[in-house]
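> Build me a model from this:
(chains A, B, C and D)
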Protein chains: 2
Amino acid sequence: MDLAVFDINHVSSLAPAVSREEAGPSPCSACKIRNLTICAPLNDAEQAQMAAIVSHVELEGGAPLFDEGEPADHVYNVTSGTLKVYKLLPDGRRQVTGFLLAGDFLGLANEDDYAYSAEAVTHCSLCRFPRRKLEILMQRFPKVEQRLLSIASNELAAAQEQMLLLGRKTAREKIASFLLLLANRARQRGMSDSPVSVPMSRTDIGDFLGLTTETVSRTFTQLKQGNLIRLLPNGLVELSAREDLEDIAGGF
Amino acid sequence: MDLAVFDINHVSSLAPAVSREEAGPSPCSACKIRNLTICAPLNDAEQAQMAAIVSHVELEGGAPLFDEGEPADHVYNVTSGTLKVYKLLPDGRRQVTGFLLAGDFLGLANEDDYAYSAEAVTHCSLCRFPRRKLEILMQRFPKVEQRLLSIASNELAAAQEQMLLLGRKTAREKIASFLLLLANRARQRGMSDSPVSVPMSRTDIGDFLGLTTETVSRTFTQLKQGNLIRLLPNGLVELSAREDLEDIAGGF
DNA sequence: GCTTAGCATTGACCTAAATCAAGGAGCCCG
DNA sequence: CGGGCTCCTTGATTTAGGTCAATGCTAAGC
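Coordinates of the predicted model:
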């Protein structure tokens, strides 16, 4: 793992393990996913200034990062692993609004509090920035602010796509869209897109797609029986007929 | 109407009427909703530079502003009226991703093309900015970029709230949420929040909430019979029991 | 004042997905 | 190696909301 150097700080509990950088070379210079992060537009000298305010967080799968309503003191960049962000209704109904992979940014909040909860799906590592300090740094580096605006624009487009899915697609179309979303994001990150890794539970997938666990499971079975996918061990899913899946996902 | 001065350019067709400023005082200095727009953070001198690149657009109710997939050459600030933005599936299923009121910004697109279509619901006026020129101006005025980031963050939070609605709320909860959303936005703009103006059709509301026209209509009737709302002429809806509506909308 | 056209409403019926209820499969731990 | 997890799958049944089909209501045009 990229950040193995921080594993000495890893404790085996649900509490996040945080470490600040000691003297020595910034690990950012070795960051393999920098081009996906908010640090992308910075040169080495500028990046050193970012490194000065960053700390690192490691999370066990299942560990919470923050909860909706907490003061939004930090923002994060995922460096490895998968997280989910979600909102709850008082009776426990849950909507997962996104799954975050390496390079993804989270914690953007215009108000003072987080608008959603975030929790690790798999073991995760993240870069943590104090929001206040990042704001000051952004005034010095408008490039970072531009980058953040660009990230926010992309997320907004993705959110609208997800609204189309939630409001107007069938269970079959939702599952096909979901698998292709995961596959495309894996490919962007240089990981296998078939078989694609699906590390989250059926319940998480259902809460992301506005379905129940049972419907998710049945729909997987149905796609499997139509030879569109194959379910492999360890949460791997082979997309055997991507073209067909794309037609289904697109509503054709 | 604030911008009556432009009515000489108004033509009675579905094509948008566009006018550039002649010499003379900028109408921006008289803009009553400036504090809601991207111009909010600018002083008079800076605003004059914005005025130099802005043009004005008037739309009839029902007239399209742009379509999904068109090159995103302009961004807009609504100055009066209501628009809807939406995405379509190939078979015509439609998801309205938002209704835009005075002060709202639209056209943000990280890619080169608009990710959604925009169409006037009522007669609308908008300020139009060439995207390229605005980008150059933003480099000169980082305050505008900050403002845009702040707008995007708010929209992102609203989008997540809408995902919760689409994925997990019942028809009754959706309609109650929708009426309160309209009422709150009307109040922010100094307009009546009860009765609140609901200028869009049942079909548009359904396409926003992931419901059919019939279900929207039935749910309005049901709320009316429970004395939670009253349906008045001209698309006005009185919120007779706002507390109860808030409980319903919140999922209690 | 009649006709046409576009919403909005209402009723009857249907269906996709939810709910309720067992089982099964893998995994950890004693 | 067996008991107790948790998660996944499958089956039977229910139901919220969709679909289909009239009927009303308002406004515009002649």
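> is chain B contacted by stretch A:218-236?
No: with Cβ under 8 Å from any Cβ of the partner chain as the criterion, chain B is not reached by stretch A:218-236; the gap is at least 15.7 Å. C-beta coordinates here come from the backbone N, C-alpha and C atoms, glycine included.
> Okay, buried residues for that stretch please.
Using 16 or more other Cβ atoms under 10 Å in any protein chain shown as the test for burial, stretch A:218-236 gives A:219-220, A:223, A:228-229.
> Name the residues that touch it?
Contact partners of stretch A:218-236, identified using Cβ atoms under 8 Å, 6 or more residues apart in numbering or on different chains, comprise A:171-172, A:174-176, A:179, A:195-199, A:211, A:237-241, A:244-245, A:248.
> just how off-centre is it within its chain?
23 Å (Cα atoms, centre = their mean, to the nearest Å).
> what's the answer for stretch A:78-90, then?
If you compare the mean C-alpha spot of stretch A:78-90 with that of the full chain, they lie 7 Å apart, counting by Cα atoms, centre = their mean.
> And DNA strand D, is that stretch touching that?
No: residues of stretch A:78-90 contacting DNA strand D under Cβ under 7 Å from any atom of the strand: none, with a closest distance of 12.7 Å.
> Flag every buried residue along the lengthiest helix in chain A.
For chain A, the longest helix by residue count, based on DSSP state H, is helix A:142-168. Using 16+ other Cβ under 10 Å as the test for burial, helix A:142-168 gives A:144-153, A:155-157, A:159-168.
> Is stretch A:119-139 in proximity to chain B?
Yes: counting by Cβ under 8 Å from any Cβ, chain B has neighbours in stretch A:119-139: A:Gln139.
> measure that stretch end to end?
30 Å (Cα to Cα, to the nearest Å).
> what does stretch A:90-110 give?
End-to-end distance of stretch A:90-110 (Cα to Cα): 23 Å.
> what residue lies at the spatial centre of chain A?
A:Leu100 (0.4 Å; Cα atoms, centre = their mean).
> Report the separation between the closest residue to that one other than its chain neighbours and B:Glu119.
Once flanking residues are discounted, A:Leu100 sits nearest to A:Leu83: 4.5 Å by Cβ to Cβ, 6 or more residues apart in numbering or on different chains. A:Leu83 sits 37 Å away from B:Glu119, going by Cβ to Cβ, to the nearest Å.
> do the same with A:Cys28
Distance from A:Cys28 to B:Glu119, by Cβ to Cβ: 46 Å.
> repeat for A:Leu180
29 Å.
> With A:Phe220 instead?
A:Phe220 is 38 Å from B:Glu119, by Cβ to Cβ.
> go on, A:Ile175?
A:Ile175 is 31 Å from B:Glu119, by Cβ to Cβ.
> At the contact with chain B, which residues of the stretch 151-252 of chain A appear?
A:152-157, A:159-164, A:166-169, A:207, A:209-210, A:250-252.
> try 6 Å this time
Residues of the stretch 151-252 of chain A lying close to chain B by Cβ under 6 Å from any Cβ of the partner chain are A:152-157, A:159-160, A:162-164, A:166-168, A:210, A:251-252.
> tell me the contacts of whatever residue of chain A ends up closest to DNA strand C?
Closest contact between chain A and DNA strand C, by Cβ to the nearest atom of the strand, is at A:Thr215 (3.0 Å). A:Thr215 makes contact with A:Ala171, according to Cβ atoms under 6 Å, 6 or more residues apart in numbering or on different chains.
> Can you show me the CA trace of the strand or helix carrying it as CSV?
Here A:Thr215, judged by DSSP states H and E, is contained in helix A:213-225. Only the C-alpha atoms of helix A:213-225 are listed here, as CSV (Å, rounded to 0.1, in the frame of the first residue of the first chain):
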residue,chain,number,x,y,z
THR,A,213,-31.6,-5.7,-0.4
GLU,A,214,-33.9,-8.4,-1.7
THR,A,215,-34.6,-6.5,-4.9
VAL,A,216,-30.8,-5.9,-5.4
SER,A,217,-30.1,-9.6,-4.9
ARG,A,218,-32.9,-10.8,-7.2
THR,A,219,-31.8,-8.4,-9.9
PHE,A,220,-28.2,-9.6,-9.7
THR,A,221,-29.6,-13.1,-10.1
GLN,A,222,-31.7,-12.1,-13.0
LEU,A,223,-28.7,-10.5,-14.8
LYS,A,224,-26.6,-13.5,-14.0
GLN,A,225,-29.2,-15.8,-15.5
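> from the chain's centre, how far out does it sit?
24 Å.
> pLDDT of that helix, averaged?
Confidence for helix A:213-225, expressed as mean pLDDT, is 97.
> continuing past that helix, what's the next helix or strand?
strand A:229-232.
> Report pLDDT for the closest residue to A:Pro64 other than its chain neighbours.
Excluding the flanking residues, the one nearest A:Pro64 by Cβ to Cβ, 6+ apart is A:Glu119, at 4.8 Å. Note on A:Glu119: pLDDT of 97.
> Can I take it that A:Glu119 is in a helix?
No: remark: A:Glu119 does not belong to a helix; assigned using DSSP: H, G, I helix; E, B strand; the rest coil, it is strand.
> Any figure for the gap between it and B:Ala158?
For A:Glu119, the distance to B:Ala158 - Cβ to Cβ - is 22 Å.
> hang on, A:Val57 packs against A:Leu126?
Yes: with contact defined as Cβ atoms under 6 Å, A:Val57 counts as touching A:Leu126 (4.6 Å).
> ok, the two, which is more surrounded?
A:Leu126 (31 against 22; other Cβ atoms under 10 Å in any protein chain shown).
> May I ask which helix or strand encompasses that one?
With DSSP H and E as criterion, A:Leu126 is part of strand A:124-130.
> try A:Phe99
strand A:94-100.
> CA atoms only: put that strand into CSV for me.
Listed next in CSV are the C-alpha coordinates belonging to strand A:94-100 (Å, rounded to 0.1, in the frame of the first residue of the first chain):
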residue,chain,number,x,y,z
ARG,A,94,-31.2,5.7,4.6
GLN,A,95,-30.1,7.1,1.3
VAL,A,96,-26.5,6.5,0.3
THR,A,97,-25.6,9.5,-1.8
GLY,A,98,-22.3,8.3,-3.0
PHE,A,99,-19.4,5.8,-2.8
LEU,A,100,-15.9,7.4,-2.7
